[in-house]
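Engineer: return atomic coordinates for the entry below.
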Amino acid sequence: METIKGGVTAAKGFLAASTAAGIKYADRTDMAMIYSEKPCVAAGTFTTNAVKAAPVLWDKEIVENETCAQAVVVNAGIANACTGEEGFSYCRQTAQKAGELLGIPEKSVFVASTGVIGMQLPMDRIISGTEDLVHKLDASMEAGHNAALAIMTTDTHEKEAAVVFEVGGVKVTIGGMCKGSGMIHPNMCTMLSFITTDLAISKELLLEALRDDVEDTYNMVSVDGDTSTNDTVLLLANGAAQNPKITEKNADYKAFQKALHYINETLSKQMAGDGEGATALFEVKVIGAESKRQAKTLSKSVVSSNLTKAAIYGHDANWGRILCAMGYSGAAFDPQKVDLFFESAAGKIQIMENGVAAVYSEEMAAKILSEEKVTAIADLKMGQCSATAWGCDLTYDYVKINADYRS
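Structural biologist: Residues are numbered from 1 along each chain as shown. Purely as a prediction, here's the structure:
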């Protein structure tokens, strides 16, 4: 597997476009389109929030009931959530217009939205934007990059990843883009992610691979404990690489799983590190666990702890907050056996041994915690299982951003 530059246009047969439709923002692009020259098999996972945005309902129907998909239309600024039948009809109108212009069925067009909840979409601008997107479709890396920029809300930068791997002696590419900065919490965390590949694979295995991997990537991210109404991950495979089609869980399927995991993990970490107001990516590794479930529960609890996140922002090695978060996680463990470490580009230090404070330098700990990526490692000494969760520090700016988000 080889990492390459690019995103949703890295794979053969995929085009992208972006435009400034003026939906909410006056000074930037706010709509994007992804289009495959060939029909794709498609997989998707969606928010577990009982309040689901209209685009989530539209896309779920396509994933569950249609044999193929070919395009995605995304807008930023307005979420089209809590908008009733009118909001759902806007999804259909958008898909109809895109389908008409592209010469494909409306039920092969995914729709996604992100932004303020409760507002209706300005459909004149959405339709006009969709028309512009179709005219601008391009297979270049720049077009994919600009699409990633267009879907941002409070994100401070675009998020992309791409890799090339081999299946049956044929080179296959997978690339993706996502957006996510706030309202992010495990359980199909808050964000939009779009992944494209020229792999030939059955829909059943594509869906299984995505659903399995989401559990160890996007669902291990937490920025602020809020699970959104619009969370969506879409994976499109058009078969343009012309590899022997994957229809069983063989070595080729495992190669695809590895590549997909790299894309999802990379995008997940980019989102966590770009949490609203964040100054650092906060990674929590639980090792020596007796089960994967135990490790995941504990790592999620720590990475979601506001007190711990605030300590990371303050470069304070307050290990008591970490142990406390582990204690209320609901997972059983022996606190008197736990070893705890902090690690970053500045070095590694042990701050707790067998449940009590270790002898360490506060100055060195602060130096380690001052880096842009900080890792806490908790060793339970109970078994061989492990899990990693990603989040960020909690800063004053998080409150500022969310206090006036609508304005």
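Engineer: other SSEs contacting the least confident helix or strand in the chain by mean pLDDT?
Structural biologist: Across the helices and strands of the chain, mean confidence by mean pLDDT, DSSP states H and E is lowest for helix 396-403: a mean of 75. Packed against helix 396-403, as judged by 3 or more C-beta pairs under 8 Å, 6 or more residues apart in numbering; DSSP states H and E, are no other helices or strands. For the C-beta atoms, the positions are set from N, CA and C on the backbone; glycine is no exception.
Engineer: pull the distance from that helix to the chain's centre.
Structural biologist: How far helix 396-403 lies from its chain's middle: 22 Å, per C-alpha atoms, centre = their mean, to the nearest Å.
Engineer: do the same with stretch 250-262
Structural biologist: On the basis of C-alpha atoms, centre = their mean, stretch 250-262 sits 19 Å off its chain's mean C-alpha point.
Engineer: contacts for it?
Structural biologist: The contact list for stretch 250-262 (C-beta atoms under 8 Å, 6 or more residues apart in numbering) reads 1, 3, 161, 163, 165-168, 172, 174, 195, 199, 201, 205, 209-210, 212-213, 216-217, 235, 243-244, 246.
Engineer: stretch 25-34: which residues count as buried?
Structural biologist: Applying a neighbour-count criterion of 16 or more other C-beta atoms under 10 Å, one finds 25, 29-34 buried in stretch 25-34.
Engineer: first vs last residue of it, how far apart are they?
Structural biologist: End-to-end distance for stretch 25-34, by C-alpha to C-alpha, to the nearest Å: 21 Å.
Engineer: quick one: the strands in the stretch 101-250 of the chain?
Structural biologist: For the stretch 101-250 of the chain, the strands defined by DSSP state E, counting those that start in this stretch cover 109-116, 159-167, 170-179, 192-197, 232-237.
Engineer: adding distance to Lys136 and mean pLDDT, write the ones you listed out as TSV.
Structural biologist: TSV is the format used below for those (distance: least, C-beta to C-beta, whole Å; pLDDT from 0 to 100):
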stretch	distance to Lys136	mean pLDDT
strand 109-116	17	93
strand 159-167	18	97
strand 170-179	16	96
strand 192-197	17	96
strand 232-237	19	96
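Engineer: could you dump those strands into TSV and include distance to Gln384 and mean neighbour count?
Structural biologist: Formatted as TSV, the strands of the stretch 101-250 of the chain follow (distance: least, C-beta to C-beta, whole Å; neighbours: other C-beta atoms under 10 Å):
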stretch	distance to Gln384	mean neighbour count
strand 109-116	40	27
strand 159-167	28	22
strand 170-179	30	25
strand 192-197	31	28
strand 232-237	30	28
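Engineer: that older thread, from the buried residues of stretch 25-34, which two are the most distant?
Structural biologist: Tyr25 and Ile34 (20.2 Å; C-beta to C-beta).
Engineer: how about stretch 8-27: buried residues?
Structural biologist: Within stretch 8-27, the residues that count as buried by 16+ other C-beta under 10 Å are 8-25.
Engineer: now the end-to-end length of it.
Structural biologist: 24 Å.
Engineer: stretch 146-154 now?
Structural biologist: Using C-alpha to C-alpha, the end-to-end distance of stretch 146-154 comes to 16 Å.
Engineer: again with stretch 60-74
Structural biologist: End-to-end distance (C-alpha to C-alpha), stretch 60-74: 15 Å.
Engineer: can you pull out the helices in the stretch 301-407 of the chain?
Structural biologist: 306-313, 319-327, 362-368, 396-403 (DSSP state H, counting those that start in this stretch).
Engineer: looking at the ones you listed, which is closest to Gln96?
Structural biologist: Closest to Gln96 of those is helix 396-403 (C-beta to C-beta; 35.0 Å).
Engineer: what angle separates the closest one from helix 306-313?
Structural biologist: 130 degrees (axes from the mean of the first three to the mean of the last three C-alpha atoms, to 10 degrees).
Engineer: tell me which residues in helix 396-403 are buried?
Structural biologist: For helix 396-403, the neighbour count (16+ other C-beta under 10 Å) marks 398, 402 as buried.
Engineer: ok, and the closest non-adjacent residue to Leu298?
Structural biologist: Nearest residue to Leu298 in three dimensions, chain neighbours excluded: Val286, at 4.7 Å (C-beta to C-beta, 6 or more residues apart in numbering).
Engineer: next, count neighbours for that neighbour.
Structural biologist: A count of neighbours around Val286, defined by other C-beta atoms under 10 Å, yields 30.
Engineer: circling back: out of the helices of the stretch 301-407 of the chain, which is closest to Glu131?
Structural biologist: helix 396-403 (32.7 Å).
Engineer: on that earlier part again, out of the buried residues of stretch 25-34, the closest to Met271 would be?
Structural biologist: Of the buried residues of stretch 25-34, the one sitting nearest to Met271 (C-beta to C-beta) turns out to be Ala32, at 17.0 Å.
Engineer: spit out the contact partners of that closest one.
Structural biologist: Taking C-beta under 8 Å, 6+ apart as the criterion, Ala32 is in contact with 16-19, 73-74, 133, 146-148, 150-151.
Engineer: got it, and Lys171?
Structural biologist: Taking C-beta under 8 Å, 6+ apart, we find Lys171 in contact with 164-165, 241.
Engineer: and the nearest residue to Ile351 once chain neighbours are set aside, what pLDDT?
Structural biologist: In space, and not counting its chain neighbours, Ile351 is closest to Trp319: 4.8 Å by C-beta to C-beta, 6+ apart. With respect to pLDDT, Trp319 has a value of 91.
Engineer: surely the residue nearest to Leu298 is within a strand?
Structural biologist: Yes. Checked against DSSP: H, G, I helix; E, B strand; the rest coil, Val286 lies within a strand.
Engineer: isn't it up against Ser299?
Structural biologist: Yes. The pair Val286 / Ser299 is scored as a contact, 4.5 Å apart, by C-beta atoms under 8 Å.
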